[in-house]
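Student: the sequence isn't on hand, but the structure is:
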């Protein structure tokens, strides 16, 4: 029987790839590296029981970082197979849509929206929901893919050909995100958002591709043209 061919950005791909979440050299390897870069923007929990809400948590790749930093890790996702794996790693799973979060107002100290905004039709709504569930003084951390020709070239045309960087068909480039639009949306929601680009550190990526390193690293860059991060604190 021929393999099922799904449309780009089809949610069912995550069920198809359910066994890949925690393979060091699996289809989601790069998501582990991005999660590590995301964690660098999150301060330690100020007190026990402090909530980190993880939007589009997938298989729970933020779990080791949230645990190390002392947070109660709440993960929101629509994919049941992913949530089961997240729960096995200590995440409190919540099945829900990131544009309509099933979480109460002002309940989280940190909200992370990692590699999810480029998968939804309305990323502004996700930012608004993140702001709603953040308490005043809480931190929003996000990362996503820019709506540029360079991102389409590197993330779709190139990365989908290299195992571990992006599964074929996982992204729909029509959903890639305008950084300025996110900054405006966050500002209107009371979160002054600062952006920075991130890129693969070439040496570590080559060592990983050659099987000489367990992981590659992402490092900051001035350019927002491909991958970028945002971080901001809710003022009110």
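Tutor: That came in fine, so what should we check first? The structure displayed is predicted, hence computed values, not measured ones.

Student: mind giving me the packing neighbours of the longest strand anywhere in the chain?
Tutor: Assignment by DSSP state E gives strand 134-145 as the longest strand of the chain. Judged by 3 or more CB pairs under 8 Å, 6 or more residues apart in numbering; DSSP states H and E, strand 134-145 is in contact with helix 29-39, strand 108-114, helix 123-133, helix 179-188, strand 227-233. In this view, the C-beta of every residue, glycine as well, is placed from N, C-alpha and C.

Student: what comes up buried for that strand?
Tutor: Within strand 134-145, the residues that count as buried by 16 or more other CB atoms under 10 Å are 134-135, 138-145.

Student: repeat that for stretch 199-212.
Tutor: 199-200, 204-205, 207-208.

Student: among the residues you listed, which pair sits farthest apart?
Tutor: Comparing every pair within the buried residues of stretch 199-212 by CB to CB identifies 199 and 207 as the most remote, at 15.8 Å.

Student: nearest residue to the middle of the chain?
Tutor: Closest residue to the average C-alpha location of the chain: residue 114 at 1.6 Å, with CA atoms, centre = their mean.

Student: now do that one, the pLDDT please.
Tutor: Residue 114 carries a pLDDT score of 97 in this model.

Student: and it, what does it touch?
Tutor: 34-35, 38, 54-56, 62, 141-143 (CB atoms under 8 Å, 6 or more residues apart in numbering).

Student: now, among those residues, which is nearest to residue 101?
Tutor: Among the contacts of residue 114, and counting by CB to CB, the member closest to residue 101 is residue 55, at 7.3 Å.

Student: how much space separates that closest one from residue 110?
Tutor: Distance, residue 55 to residue 110, by CB to CB, to the nearest Å: 11 Å.

Student: ok, the two, which is more surrounded?
Tutor: Using other CB atoms under 10 Å as the criterion, residue 55 and residue 110 rank with residue 55 on top: 29 against 23.

Student: please tell me I have it right and that one contacts residue 102.
Tutor: No: between residue 55 and residue 102 there is no contact, the gap being 11.4 Å when judged by CB atoms under 8 Å.

Student: any residues in contact with both of these two?
Tutor: residue 76.

Student: burial count for residue 48?
Tutor: The burial count for residue 48: 8, using other CB under 10 Å.

Student: host element of it?
Tutor: Using DSSP states H and E, residue 48 is not contained in any helix or strand.
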